[in-house]
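A.B. asks: build the 3D model from these lines:
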Amino acid sequence: MSALENDAAPDRSHSSEARMRLALWPQFATDVIVIDDPAWAGNLFGTCAVEGCLRFRKVRDLCMTHLTRWRAAGQPAMEAFLADPGPASRPERIILAGVDDPLRLEIALAVQLAATTTAGDRPRVMPSSAQRIIEWSAAQGATTIRADQPGSPHGAKSWPKVVTGTLSALRHVLEEFFDDAPDPQTEFERDVWRLPVVGFTTDGVGSGGRLRFDGIAQPWLRLLAKKFARWRITTGVSYYTLNRDQAALQRLSEAFTAQAGPDAAVADFTRETIEVFLTKLASLDLSPPTRSYYLSSVSAFLDAVRRHGWETDLPTTAGIYPNDHPRRPAALPRALPEYVMAQIEAPAAQEQLPQPHRLMLRILIGTGLRLADAYKLKIDCLTHDPQGAPYLRYYNHKMDREAVVPIDDELAAQIAEQQRLVLAETLGAVYLAPGHGATDGSKHWSNAAVTARLTAWQEQVGLRDESGRPFRFTAHQLRHTYGTRLINADVPQEVVRRLLDHESPEMTARYARLHDTTIRSHWENARKIDTHGQTVALDAGSALSDAAWMKENLGRVTMTLPNGYCGLPLQQTCPHANACLTCPVFVTTPEFLAEHLAQLRATNHLIAEAETKGQTRVVEMNQQVATNLRNIITAIQTTDDDRNADAS
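C.D. replies: Take a look at the predicted model:
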């Protein structure tokens, strides 16, 4: 190649460096980047609750410096401490001294881009995590932090989540900087997809996220995984489902590698591969539902590969069968005891929870929303029907769709007041409960920050169970409590399903089972009386009691009598047609006393008429009915007299 030709050939690395130098601001082209601008700090991380403090908040919305001062002061009320927090602490800093170009340029520009643009769904940049990435990369001799470039540091997968999140954020802004015109087909070739580029257009969680395929060792399997993900996106699946599919296929690749190696061909992928995969899932100590979700994802993947003809050489023996799924234990009810709910709903306790969390707690209790959905309520979430009844409009992130739930007028008024306060402070606010430090109202609270606040509040109010022990609840238990309260109030299960926006009746059935227990307690407490006036007693904890209750449930549906219930199993034929009061399996309760008295009067009248007419057989048949009725009535009245005496 001639010197002229060599000069004409562009040097990509030098071109990238020149572009970064032109874009870099003087404040970031230094050995020490000082985050002394409130807007920069707010875009990078959550800041301390102390006014003017631009340090990263750790616990109780305080930075480490102010948290130490608060503890040293005897942990006073937060309002009192914030009024006099002591001298200001210095802003956060990121040190780049000793780091060579181009790595230094790249990290400085990434911090600048992250600090000067709204985070959205992008992970936050924690200064301490950024410092760890800088030191780790420099020690490895890395020349870039970009995942798709040679010279990137390795070992990031073993880092703590907060560090990998910061690395993802820095990579995110650099990718956007260098990619002027992203193309879906070019993106398909990458091993880390930017979801908006490949057509993931949902407004919900993960709309700006990434999908990784670099953990799938076999090239042909990685290609099929990409085709599967691209197809799934066109069907409108959620970000949660995409990530679950990817995680399942990565586990499958790991099992396949263990069985046949990273270069194994399509023909090596057999039923044995699936069995190794099942063994791997069992060894990971995953819950049965999680294992079942992974198996469903792999099953959908294999089905799509065959149905769309993506790989005709895939052995037919490789498949997931129904009995491959682990047995799921019955989900235990997670509703909170009413004893605890009384403490949570006490006005005095709720007053100790500052806004907007007090309102959000009331929304969680009154609507059953998930925590993430509640704190992402938009400022215009309140709506009304033509009759003026209020509703809450929200985005169900799990189902990836909008939903509405009816609310009462009191909660609607509280939401309207919150809207007024937020808009009075920030006219362009996006969220009903803007996050701390979001001066423009464009950021919501993180789940971790909200959970920390709720936990601190529970400690503050001294939440206790019935035995006096400290009690702690999760926000999701309020959703279970909401559903259980509806079921116990005899709201039809399908209505509850719609209110909770469940995809299937099976989810709602978890709450319905608790309702079954509630009815059972009434049934067990009621006095059962047979035709001889004797009490029918069953041990509430026995297997017989369970069987009797199942029979009782069926009987109430199909074998209810005008004055009691038939205790005969449904599969048997009744030999006592139209003569239940002489039947040995007839059972009644005090609620039918009026019917028994009326039937006794009618039976006595019938006996008198039959005696007048000489109808001996009719008299004989109804004498037993009358005797049984008198036994039943006497037993019921005796029970009522005993209860009245006890009450007095």
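A.B. asks: can you list the low-confidence ranges for the stretch 301-450 of the chain?
C.D. replies: 330-333, 437-441 (pLDDT under 70).
A.B. asks: helices along that one, start to end?
C.D. replies: 338-344, 347-350, 357-367, 371-374, 409-425, 447-461 (DSSP state H, counting those that start in this stretch).
A.B. asks: want to throw the ones you listed into TSV with distance to Glu494 and mean neighbour count?
C.D. replies: C-betas here are computed from N, CA, C, even on glycine. Shown next, in TSV, are the helices of the stretch 301-450 of the chain (distance: least, Cβ to Cβ, whole Å; neighbours: other Cβ atoms under 10 Å):
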stretch	distance to Glu494	mean neighbour count
helix 338-344	25	16
helix 347-350	32	12
helix 357-367	18	21
helix 371-374	21	22
helix 409-425	24	14
helix 447-461	30	16
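A.B. asks: tabulate those helices (JSON lines), appending distance to Gly52.
C.D. replies: Shown next, in JSON lines, are the helices of the stretch 301-450 of the chain (distance: least, Cβ to Cβ, whole Å):
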{"stretch": "helix 338-344", "distance to Gly52": "35"}
{"stretch": "helix 347-350", "distance to Gly52": "30"}
{"stretch": "helix 357-367", "distance to Gly52": "23"}
{"stretch": "helix 371-374", "distance to Gly52": "30"}
{"stretch": "helix 409-425", "distance to Gly52": "18"}
{"stretch": "helix 447-461", "distance to Gly52": "20"}
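A.B. asks: closest one to Pro322 among these?
C.D. replies: Smallest distance to Pro322 across the helices of the stretch 301-450 of the chain (Cβ to Cβ): 32.4 Å, for helix 371-374.
A.B. asks: for the closest one, name the packing helices and strands.
C.D. replies: If contacts are counted by 3 or more Cβ pairs under 8 Å, 6 or more residues apart in numbering; DSSP states H and E, helix 371-374 sits against helix 357-367, strand 390-396, helix 447-461.
A.B. asks: now these in CSV, with distance to Asn631?
C.D. replies: Below are the helices and strands packed on helix 371-374 laid out as CSV (distance: least, Cβ to Cβ, whole Å):
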stretch, distance to Asn631
helix 357-367, 50
strand 390-396, 56
helix 447-461, 55
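A.B. asks: go through the ones you listed and name the closest to Asn43.
C.D. replies: So among those, helix 447-461 is nearest, using Cβ to Cβ, at 16.3 Å.
A.B. asks: elements contacting that closest one?
C.D. replies: helix 357-367, helix 371-374, helix 475-488.
A.B. asks: now it and helix 357-367, what's the angle there?
C.D. replies: 100 degrees (axes from the mean of the first three to the mean of the last three Cα atoms, to 10 degrees).
A.B. asks: which residues are contacting helix 447-461?
C.D. replies: The contact list for helix 447-461 (Cβ atoms under 8 Å, 6 or more residues apart in numbering) reads 46, 59-61, 343, 349, 352-353, 357, 360-361, 371-372, 375, 435-436, 470-475.
A.B. asks: pull the distance from it to the chain's centre.
C.D. replies: Its chain's C-alpha centre and that of helix 447-461 lie 18 Å apart, by Cα atoms, centre = their mean, to the nearest Å.
A.B. asks: how many other residues sit next to Asp303?
C.D. replies: When neighbours are counted by other Cβ atoms under 10 Å, Asp303 registers 13.
A.B. asks: dump the residue contacts of it.
C.D. replies: No contacts exist for Asp303 under Cβ under 8 Å, 6+ apart.
A.B. asks: could I get the helices and strands packed on helix 447-461 as CSV with distance to Phe269?
C.D. replies: Listed next are the helices and strands packed on helix 447-461 as CSV, based on distance: least, Cβ to Cβ, whole Å:
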stretch, distance to Phe269
helix 357-367, 46
helix 371-374, 37
helix 475-488, 39
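A.B. asks: nearest to Ile320, out of those helices?
C.D. replies: helix 475-488 (29.5 Å).
A.B. asks: mind listing what's buried in that closest one?
C.D. replies: Using 16 or more other Cβ atoms under 10 Å as the test for burial, helix 475-488 gives 475, 477-488.
A.B. asks: about what we covered before: so which of the helices of the stretch 301-450 of the chain comes closest to Ile145?
C.D. replies: Nearest of the helices of the stretch 301-450 of the chain (Cβ to Cβ): helix 447-461, 24.8 Å.
A.B. asks: the helices of the stretch 301-450 of the chain: which one's closest to Ala41?
C.D. replies: helix 447-461 (15.5 Å).
A.B. asks: could you tell me the angle between that closest one and helix 475-488?
C.D. replies: Using the same axes, to 10 degrees: helix 447-461 against helix 475-488 is 70 degrees.
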